[in-house]
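>>> Build me a structure from this.
(2 chains)
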Amino acid sequence: MHNTRPAKITSPITSLNEGYVRTIPLALIVGAIGIGVSLVLCGFQSKPFLYNYLVAFCFVLSISLGCLFFVTIMHLTRAGWSATVRRVAELYAMCTFPLFLLFLPILLTVISGTDTVYSWNVEGYTIHADAETKADILANAPLPPLEQLKGAFLNKWFFTGRIVAYFLIWGGMAFFFLKNSLAQDVSGDKKLTARNQAFSAPFMILFAATIVFASFDIEMSLSPLWFSTMFPVYFFAGAFLSALCTIMLTCLWLQRTGRVTDEITIEHYHDLGKLMQGFVIFWGYIAFSQFLLIWYANIPEETFWYDLRINQPGWKGLSLILLVGHLFIPFFLLMGRGLRRNRILLTISAVFILCMHWVDHYWLVMPHLNPHGDHTFQLSGTGFLTGISCLVGMIAIYIALFCLVTRNRPLVPLQDPRLGEALNHEVH
Amino acid sequence: MAEENQTNTNEDSKLVGLLAQFDDPDSLVAACNNAREAGYTKTDAYSPFPVHGIDPALGIKRSILPFIVLSIALGAVCIGLGMQWYTNTDSGTISPAFPGYPFKISGKPYFSLPANIPVTFEVIVLSSAFAAFFGMWILNKLPMLSNPLHRISRFKRATNDKFFLMIEEADEKFDRSSTEAQLNQWGAVAIDECRQDLTDNVLPSWFRLVALMGALMLLIPPVVIFRSMGMTNRAPRLHFMPDMDWQEKSKTQTVAPTMVDGENLFLDMRAMRAPVEGSVAWDHLNADTEMHQGIKRDYKAVTSVSTKTGSALTSLTTGQEDDAAAPAEEDLSKYVTAFPVGIEVNAELLARGQNRFNIYCSVCHGYSGNGDGLVNQRAVALAGTGKATWTAAKSLHDPIVKDPAQNPLGRLFDTISNGRSMMGPYKSQISVEDRWAIVAYVKALQETGIKPPGSEVSPAAKTPADEAPEADDSAIPKPTP
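Predicted coordinates for the structure are as follows:
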């Protein structure tokens, strides 16, 4: 019964096999409809639409960044088990670069000097405009005004420059890994793996530095007064978790449609499931760490952010949904060997976690749509529908991007030196 | 060997099982499968590295360790949270033997879940790790100080390049000769008898002596500690950590440290900082004036407490008497005439009031409230000889005290709280509820119809003349011998 499999690709179909030709236009149409519906639902107002758009954008961006991290960490740790699922992650990571185009609508509001999305982007912006009542006292602090201090970092051109730099760095790293991996499919040159591994260490540092500031810029600066050094870790925890879910769902879908049937085994799903549970706990750990420090210190310039989310009835409900849905339910869904080796349960868990990931970003972004006014729009059925239709459209466009990046490229590395290890992978 | 095989034992050693050697993992897995199919259950395999598929081949079930760890972890949640709840909450009600340690830390509630999560988390992690580690020991029957397998020289290669299958003698299917034949049939390269040496079960002769000496040595530290109890030593103590013994800090009620430039750290020279203006100490808000002062809620005080304190400070610093400190005409209408909301007059409250009254009040006012407490009697006697000044304790049955117009309930409460005339304040000794209980008990005492001393003389003449409630000359009790 125990036979070592030869390190050979045996699946009849290892690529999208021209399926992408039909998928791309279809996905683009769904994307246009989804985003169009979202625009109609919020009455063609730019601000609510762009906030929902930002939520959906952060959703797909975090998936790509998580996949980039997956590729980097697998090379860094010289992991053998993941060789067969790494290509999917490489392809998703490569999507980061074209994602820059999807960020343009938001970037344009910054360049044109409006505060449609980022309230710090106008002359004469004061923290009073942002601060809620509790932080008003800061305006009288014996320091230069905070908006002046933060203005050195949060200004139009520095922001734009940073965004361009992030996407260039992410795209460059993803391109480097994908290019070497694809070249190895043809040549089988083991030095390419060694090169990927050598570069993965500096890339990891670069990745950490960029995701920290990108999360500051794209999401946290919606509330420019707020302070939290834990926020990037929180962003990263959600990103890697959703990336694992996306890799797993993509592999399950590929195998259902008869592609790469032999290379990805239940052992790989089992390991992805373990990582998923680990990062469910990590997300909870980081979310709680961020909350605990702010709760304990009880300083107004930090607490107002949570005050908004905990003491407002609607947001309080959403916070509780996150606590239960993003931490407790997946924790028990993924507990146990039997559960992690069941493809149907894994599919349910992955879809569920991805839904929660969207709720997470909705919870992060939407309270800042109008921090002073009422929050009935964001918390109404119409508000959620706007977000969901925008998300559906964004995911459709993301699928189109994935197909465009993948085309007829192999979905597993054909001549990876660790292919044998991955094919014979067995967990206990 | 043939004769011994029948009995499986001889005097010196006991057969444990048969150990078969295989040269590669595949034949080991195959042999394991064969053994399982032949019905052997007490088997074990040894290999230099984890062999895939060996668990199902041997018929090893999934370990119950995860469930042990899970149940221990869930128990740890209860212990971690329960311990913090038990120690932190402000309730002697949980157990009269243990009043708890209700520490107020940065204004957080005594029991607040966010603050308790980290400790709970650590307890979960620690106990799960212990459960996994020691559970693994127990399930693997560790620690095992010696294993008869190690007496087989061939077995040393189990950590190098050979693979072994052991079938234990305790197995029901085990039969010395047929099992050996089966193992040979399954491709064993070599078969060894695993024997446990029974001769070395005896402890070495020197062991008991060494163990005894070791146990005696363990007694030295407690003996040294016991001997040094109560001893004095003239040598100065050792300071292992001088920065802990002489800390850079200011103690309470001291002068603030002087800075390098000769200036005091704080302008007012105090090391302690005054609380922020308007801050209220925990549990001292006492916003319900009816409950905490016996004063009607809608009564507007002419001078607030804070200004009184301020003027008192002014008088202290300027050395002048403050006019406000002089007793002014008392506005009796400010006092409540009924018990405040939250105080329910019932037998329980009266019993409590009696208990408190007998402890705190009866020493002067007497058990019957007639001003004949022992302290009062003695003091009055001394005052009569001119050796002391004393204002006699009032009889609570005095018509002025009994009169609800002159002494509404709130004023009685105020008297207990802040004292009156010579009587001192009992605010700090008696809790608010207990003070109201005493008021209730006093009102009940007054209904008993006890005559105040001196009332037989001329009650009608005295009562209206006595305007000032503080004036007490009408109620000097006769000292009883």
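
>>> all contacts plus neighbour counts: C-alpha atoms, from now on.
Will do.

>>> residues in contact with the residue of the stretch 51-200 of chain A at minimum distance from chain B?
Per CA to the nearest CA, residue A:81 is where the stretch 51-200 of chain A lies closest to chain B, at 14.5 Å. Residue A:81 makes contact with A:268, A:418, A:421-423, A:425, according to CA atoms under 8 Å, 6 or more residues apart in numbering or on different chains.

>>> gap between stretch B:342-357 and the chain center?
30 Å (CA atoms, centre = their mean, to the nearest Å).

>>> how close does the residue of the stretch 51-200 of chain A closest to chain B sit to residue B:41?
Distance, residue A:81 to residue B:41, by CA to CA, to the nearest Å: 33 Å.

>>> all strands of the stretch 151-300 of chain B, in order?
Along the stretch 151-300 of chain B, the segments classed as strands by DSSP state E, counting those that start in this stretch run B:163-168, B:190-197.

>>> count of neighbours near the nearest residue to residue B:161 once chain neighbours are set aside?
Leaving aside its chain neighbours, residue B:161 sits nearest to residue B:48 (6.3 Å; criterion: CA to CA, 6 or more residues apart in numbering or on different chains). By the criterion of other CA atoms under 10 Å in any protein chain shown, residue B:48 has 14 neighbours.

>>> so residue A:402 makes contact with residue A:89?
No. Look at residue A:402 against residue A:89 with CA atoms under 8 Å: they stay out of range, at 10.6 Å.

>>> Between those two, point out the one with more neighbours.
Of the pair residue A:402 and residue A:89, residue A:89 is the one with more neighbours under other CA under 10 Å, namely 29 against 20.

>>> roughly how far is the one helix or strand the more buried one maps to from the heart of the chain?
Assigned by DSSP states H and E, residue A:89 belongs to helix A:86-94. Here helix A:86-94 is found 14 Å from its chain centre; the criterion is CA atoms, centre = their mean.

>>> Now do the buried residues in the helix or strand containing residue B:439.
According to DSSP H and E, residue B:439 maps onto helix B:432-446. With burial defined by 16 or more other CA atoms under 10 Å in any protein chain shown, the residues of helix B:432-446 counted as buried are B:432-443, B:445-446.

>>> before we move on, what about stretch B:29-43?
Within stretch B:29-43, the residues that count as buried by 16+ other CA under 10 Å are B:29-36, B:40-43.

>>> can you narrow those residues to ones near chain A?
Subset of the buried residues of stretch B:29-43 in contact with chain A: residue B:29, counting by CA under 8 Å from any CA of the partner chain.

>>> got the buried residues of stretch B:29-43 as CSV, with secondary structure and pLDDT columns?
Output for these, formatted as CSV (DSSP: H, G, I helix; E, B strand; the rest coil; pLDDT from 0 to 100):
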residue, secondary structure, pLDDT
B:29, helix, 93
B:30, helix, 93
B:31, helix, 94
B:32, helix, 94
B:33, helix, 93
B:34, helix, 93
B:35, helix, 93
B:36, helix, 93
B:40, coil, 92
B:41, coil, 91
B:42, coil, 91
B:43, strand, 92
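
>>> Name the nearest residue to residue B:183, ignoring sequence neighbours.
Counting by CA to CA, 6+ apart, residue B:183 lies nearest to residue B:20, which is 6.8 Å off, once chain neighbours are set aside.

>>> Repeat that for residue B:51.
Once flanking residues are discounted, residue B:51 sits nearest to residue B:25: 6.6 Å by CA to CA, 6+ apart.

>>> Same question for residue A:58.
Of all residues not flanking residue A:58 in the chain, residue A:361 sits nearest, at 7.2 Å (CA to CA, 6+ apart).

>>> got the residue ranges for the strands in chain A?
Taking DSSP state E as the criterion, chain A contains no strands.

>>> What residues sit buried inside the lengthiest helix in chain B?
Scanning chain B for the longest helix, with DSSP state H as the assignment, gives helix B:113-139. By 16+ other CA under 10 Å, the buried positions in helix B:113-139 come out as B:115, B:117-118, B:120-121, B:123-124, B:127-128, B:131-132, B:135-136.

>>> Could you do stretch B:79-87 as well?
B:80-81, B:84-87.

>>> follow-up on the earlier one: pull the most distant pair out of the buried residues of stretch B:29-43.
B:30 and B:42 (16.7 Å; CA to CA).

>>> where's the residue lying closest to residue B:117 once chain neighbours are set aside, which helix or strand?
Closest residue to residue B:117 apart from its sequence neighbours, by CA to CA, 6+ apart: residue B:81 at 8.0 Å. Assessed by DSSP H and E, residue B:81 sits inside helix B:65-88.

>>> average model confidence for that helix?
Mean per-residue pLDDT for helix B:65-88: 91.

>>> Kindly export that helix (C-alpha atoms) in PDB.
Written as PDB, here are the backbone C-alpha positions of helix B:65-88 (Å, rounded to 0.1, in the frame of the first residue of the first chain):
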ATOM      1  CA  LEU B  65      -4.700  13.100  23.300                       C
ATOM      2  CA  PRO B  66      -6.500  16.000  21.400                       C
ATOM      3  CA  PHE B  67      -9.600  15.400  23.400                       C
ATOM      4  CA  ILE B  68      -7.700  15.300  26.700                       C
ATOM      5  CA  VAL B  69      -6.100  18.600  25.700                       C
ATOM      6  CA  LEU B  70      -9.400  20.100  24.700                       C
ATOM      7  CA  SER B  71     -11.100  19.200  27.900                       C
ATOM      8  CA  ILE B  72      -8.200  20.400  30.000                       C
ATOM      9  CA  ALA B  73      -8.200  23.700  28.000                       C
ATOM     10  CA  LEU B  74     -11.900  24.200  28.500                       C
ATOM     11  CA  GLY B  75     -11.400  23.500  32.200                       C
ATOM     12  CA  ALA B  76      -8.600  26.000  32.200                       C
ATOM     13  CA  VAL B  77     -11.000  28.700  30.900                       C
ATOM     14  CA  CYS B  78     -13.200  28.100  33.900                       C
ATOM     15  CA  ILE B  79     -10.300  28.100  36.300                       C
ATOM     16  CA  GLY B  80      -8.700  31.100  34.800                       C
ATOM     17  CA  LEU B  81     -11.800  33.200  34.800                       C
ATOM     18  CA  GLY B  82     -13.200  31.800  38.000                       C
ATOM     19  CA  MET B  83     -10.000  32.500  39.900                       C
ATOM     20  CA  GLN B  84      -9.900  36.100  38.800                       C
ATOM     21  CA  TRP B  85     -13.600  36.600  39.500                       C
ATOM     22  CA  TYR B  86     -13.200  35.000  43.000                       C
ATOM     23  CA  THR B  87     -10.200  37.100  44.000                       C
ATOM     24  CA  ASN B  88     -11.000  40.400  42.400                       C
END
